[in-house]
Structures are given as structure tokens and as C-alpha cells.
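Asks: I need the structure of the sequence given here:
(chains A and B)
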Amino acid sequence: DAGVIQSPRHEVTEMGQEVTLRCKPISGHNSLFWYRQTMMRGLELLIYFNNNVPIDDSGMPEDRFSAKMPNASFSTLKIQPSEPRDSAVYFCASNFRTGGNTEAFFGQGTRLTVV
Amino acid sequence: AQSVAQPEDQVNVAEGNPLTVKCTYSVSGNPYPFWYVQYPNRGLQFLLKYITGDNLVKGSYGFEAEFNKSQTSFHLKKPSALVSDSALYFCAVRDMSNYQLIWGAGTKLIIKP
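Replies: Below you'll find the predicted structure:
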């Protein structure tokens, strides 16, 4: 398996534009996580899906952020409108949820810069 | 509140010396701790995890971790450090009430030749 695949790897956009980040989890995994990483705040969980259903979106910063998982092999994180403070590295991770010690596998991340 | 602490922002070790990166946690229920490593401009890579009954867990790249239930710690160790071990290391513990990983702030490990 190629692992968790995220696209694009880098995105530079102007403030106010819509940004869509994409994630393909590892085949067979039933849980998917979106994280944001910044120097100031470290690693933050934004939203968690289980069997394509959003379970916890309490980490989504505000209504400008939305995430979908239309099927088991694809998820998107959308920011509309984007703001400079959204600049960060966004990671997608997946695992097959069984017990508590199931590790998650991360994608390479999307580095978002909003100017 | 559930929390994971990595008390050192940075750890400096000379190549060939043993290294320890500390992690302590406070979670309810059975703890499920993990270690991840992040190299520059890369995603997080799973390094090792606690397996019930094994207080010394061995993982990738020669790393191991010592689980101490009474001290609620899961320190990462390696007997002989390599320059290539220089990276950012994250400790995480699963909160079984919501299945989410609680992350430490990360420790930057610098191995000097």
C-alpha cells in the first residue's frame, strides 16, 4: 500500500479564496483524522471520522472549515474563505480501529500558505 | 483533564551516547501510549507503542520505550544515538473515552557528531 496520500503537497492562496485539501486513507482503514500543525499550537486534531461518519468535529476552528468523507477512500477538508492565520501544515491520518493500541498512519501533509 | 507532557523542548546528545526522551501522561482508564517521529518536511511516522504486559517495548530504528505504570511514564530510549536520529519526537496516549490521541508538544532531538 502507498500509505496515506494527501494532495496537494503545497498550496499558496490569497486571502478569501477557497482551499480544498484531499486525503486518500490506507485501504481497509475505517478511521480518518485531520490534524493541523503550527509552531505556536503544535499538533491539533480538527475532526475524526469513523466508518465515513464524523464522530468529533470539536477541533474545527470555526465555520469556515468543513470536512467530508463521501466514501471510505476519500476525504476533503475545505476552508472557505481562507485567512492568513490558517497557514499551517495539515495532516491526514488513518487507522483500522480495533483496540486502544492501534497506531495511526500519517500522510506527508499539505503545507498551506495564505497570503 | 487528560494530558501528555514532554518536559524537554530539546534534548542534545553526542553521537554514540545513550539517549532518553521523556514522556509522562495523565489519562483515565488503561493507558495506550505511542511514540512518533517527524523528520523535517515530513509526516509523522509511527515508532513504537506499548503492548500490554511488556514494560520494555522495542520499535523501529533501534528505539525502545520503558513503560512505568506507577510513574505514568513512557520514556523513549536508544542505547547509542546516531546523527540521523535528529528529528522531532512526539509522545501520544489514546483517550479511550473518545478514541482520540492526546499529543505531547514534541521534543526536538539533536544528535551531534
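Asks: can you list the weak-confidence ranges in chain B?
Replies: Chain B contains no residues with pLDDT under 70.
Asks: Show me how far the helix or strand in which residue A:48 is found is from its chain's centre.
Replies: Using DSSP states H and E, residue A:48 sits within strand A:42-50. How far strand A:42-50 lies from its chain's middle: 7 Å, per CA atoms, centre = their mean, to the nearest Å.
Asks: which helices and strands sit right next to that strand?
Replies: strand A:31-38, strand A:53-56, strand A:65-71, strand A:74-79, strand B:100-103 (3 or more CB pairs under 8 Å, 6 or more residues apart in numbering or on different chains; DSSP states H and E). Placement of C-beta: from N, CA and C, glycine included.
Asks: Can you name the element that comes right after the last one?
Replies: Moving toward the C-terminus from strand B:100-103, the first helix or strand encountered (DSSP H and E) is strand B:107-112.
Asks: and if you look at the fourth one?
Replies: Following the chain from strand A:74-79 toward its C-terminal end, the next helix or strand by DSSP H and E is strand A:88-95.
Asks: now check the next helix or strand after that following strand, is it near chain B?
Replies: As assigned by DSSP H and E, the chain's next helix or strand after strand A:88-95 is strand A:105-106. Yes - legend: contact between strand A:105-106 and chain B by CB under 8 Å from any CB of the partner chain is shown at A:105-106.
Asks: any idea which strand is longest in chain B?
Replies: Counting residues, the longest strand found in chain B (DSSP state E) is strand B:87-95.
Asks: Sheet-wise, list the partners of it with their directions.
Replies: Looking at strand B:87-95 with DSSP bridges, its partner strands are strand B:33-38 (antiparallel), strand B:100-103 (antiparallel), strand B:107-112 (antiparallel).
Asks: Show me which residues of chain B sit near chain A.
Replies: Of all the residues in chain B, those lying near chain A are B:30, B:32, B:34, B:36, B:41-46, B:49-52, B:90, B:94, B:96, B:98-101, B:103, B:105-106, going by CB under 8 Å from any CB.
Asks: Please check the residues you listed and keep the buried ones.
Replies: Listed as buried from the residues of chain B next to chain A are B:32, B:34, B:36, B:43-46, B:49-50, B:90, B:94, B:99-101, B:103, B:106; burial here means 16 or more other CB atoms under 10 Å in any protein chain shown.
Asks: ok, and the closest non-adjacent residue to the one residue sitting closest to the centre of chain A?
Replies: Centroid check for chain A by CA atoms, centre = their mean gives residue A:34 as the closest residue, at 3.0 Å. Leaving aside its sequence neighbours, residue A:34 sits nearest to residue A:46 (CB to CB, 6 or more residues apart in numbering or on different chains; 4.4 Å).
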